[in-house]
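Student: Just to be clear, the model below is a prediction. Sequence and coordinates:
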Amino acid sequence: MALNSKIEWTEATWNPTTGCTKVSPGCKNCYAERDSNRYKKIPKQVKYRKGFELTVHEDTLEIPLHWRDPKIVFVNSMSDLFHEKIPLSFIKKTFDVMNKTGQHTYQVLTKREKRLSKLWSEFKWTKNIWAGVSVENQEYTSRIEYLREVPAAVRFLSIEPLLEPITELNLNGIDWVIVGGESGPRSRPIQADWVRVIRDICLEQKVPFFFKQWGGVHFDH
C-alpha cells in the first residue's frame, strides 16, 4: 500500500493481492514483476516473500477502512483483481470493502476482460468504483467491447505501454483515456505520432485524454 503513489493518474495504491502472470505483449517488461522480485530480497517486505507468484492477502482487505481522508485508489497496482487464480469469494470481499468506503474512489484495471465480463454482475458497482482495461496495441482494442458491458460509474482505458500505432478506437461508453510509454530499463520506445493520433481521436469523440509519460527508466512502489 502506498498513500502517495508515483503513478500520475492516482493518489494511492491498495493491493489485496500481489503477483500475476503474463497474458499479452504489454506484460513483457512488467514493472510489478520487477519490483516484486526486488522486494522479495528485503526481509521487511513480507508480502513479497513469494516474489511475483499470485498471492492473496486477506490481512490487507480492511486497509481502506482506516483511511480518514478521501483518496483516489488504484486497486492492485501489483496484480490483477480478475486473475483466474483469485477466487470469486475474495473478489467479492474486495468489492464489499469498496462498497463500504464511498468516500474513496477506486480504479480497478484489468487485462482479464473476459473474466471481468463473466463476473461483473456478481458485484455491486457503487458510484465510487471505476472499471478499466489495458490496451497496448490495435489487436487488444477488443478488450474495450467487454468493458462497455460493465455498469461502472467511470470506464477508462490505460493505453500503456503504447507499443504500436492505434488508428481505430471506438470510445463509445468510455469516459477517460490514459496514454503512456513503457517504463523501466528495457522499455520499448513510443512514438509521438502514435500519441497524437489517440489524442485526436479523444478530441473528436469528446473523451478526456491524459498523457502520463514518454517512458524510460521509472520505478513505482
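Tutor: The structure has been received and is ready for your questions.

Student: Going by C-alpha atoms from here, please, whenever you check contacts or count neighbours.
Tutor: Noted.

Student: Just to be sure, Leu116 is in a helix?
Tutor: Yes. Assessed by DSSP: H, G, I helix; E, B strand; the rest coil, Leu116 belongs to a helix.

Student: Compute the number of surrounding residues for it.
Tutor: Leu116: 21 surrounding residues under other CA atoms under 10 Å.

Student: when you give positions from now on, start the count at 862
Tutor: Noted, 862 is the first residue going forward, which turns the last one into Leu977.

Student: close enough to count as contact, it and Phe943?
Tutor: Yes. The pair Leu977 and Phe943 passes the contact test of CA atoms under 8 Å, sitting 6.3 Å apart.

Student: quick one: common contacting residues for those two?
Tutor: Thr971 (CA atoms under 8 Å, 6 or more residues apart in numbering).

Student: Distance check, the closest residue to Asn937 other than its chain neighbours against Asn898.
Tutor: Leaving aside its chain neighbours, Asn937 sits nearest to Asn876 (4.3 Å; criterion: CA to CA, 6 or more residues apart in numbering). As judged by CA to CA, to the nearest Å, Asn876 and Asn898 stand 16 Å apart.

Student: For the two, indicate the residue with more neighbours.
Tutor: A direct count of neighbours by other CA under 10 Å for Asn876 and Asn898 places Asn876 higher, at 24 against 17.

Student: Now do the contacts for the more buried one.
Tutor: With CA under 8 Å, 6+ apart, Asn876 has these contacts: Met862, His918, Thr921, Val936, Asn937, Ser938, Met939, Ser940.

Student: ok, Gly1034 to Glu919 distance?
Tutor: For Gly1034, the distance to Glu919 - CA to CA - is 34 Å.

Student: Compare those two (neighbour count), which wins?
Tutor: Taking other CA under 10 Å, Gly1034 and Glu919 do not tie; Gly1034 has more neighbours (16 against 12).

Student: List the buried residues in the helix or strand hosting Arg1057.
Tutor: Assessed by DSSP states H and E, Arg1057 sits inside helix 1053-1066. Of the residues in helix 1053-1066, Trp1055, Val1056, Val1058, Ile1059, Arg1060, Ile1062, Cys1063 count as buried by neighbour count, 16 or more other CA atoms under 10 Å.

Student: For the closest residue in space to the first one that isn't next to it in sequence, list the residues it contacts.
Tutor: Here the nearest residue to Trp1055 in space, its sequence neighbours aside, is Pro1026; by CA to CA, 6+ apart that works out to 5.1 Å. Under the criterion of CA under 8 Å, 6+ apart, the contact list for Pro1026 reads Asn998, Gln999, Trp1055.

Student: Trp870 now?
Tutor: For Trp870, the contacting residues are Lys1073, by CA under 8 Å, 6+ apart.

Student: Distance check, the residue of the chain most remote from its centre against Pro1050.
Tutor: Going by CA atoms, centre = their mean, the residue of the chain most distant from its centre is Pro904, 26.9 Å out. From Pro904 across to Pro1050, the span is 35 Å (CA to CA).

Student: what does Gln968 give?
Tutor: 26 Å.

Student: quick one, which of those two is more surrounded?
Tutor: The neighbour comparison of Gln968 against Pro1050 (other CA under 10 Å) goes to Gln968, with 23 against 16.
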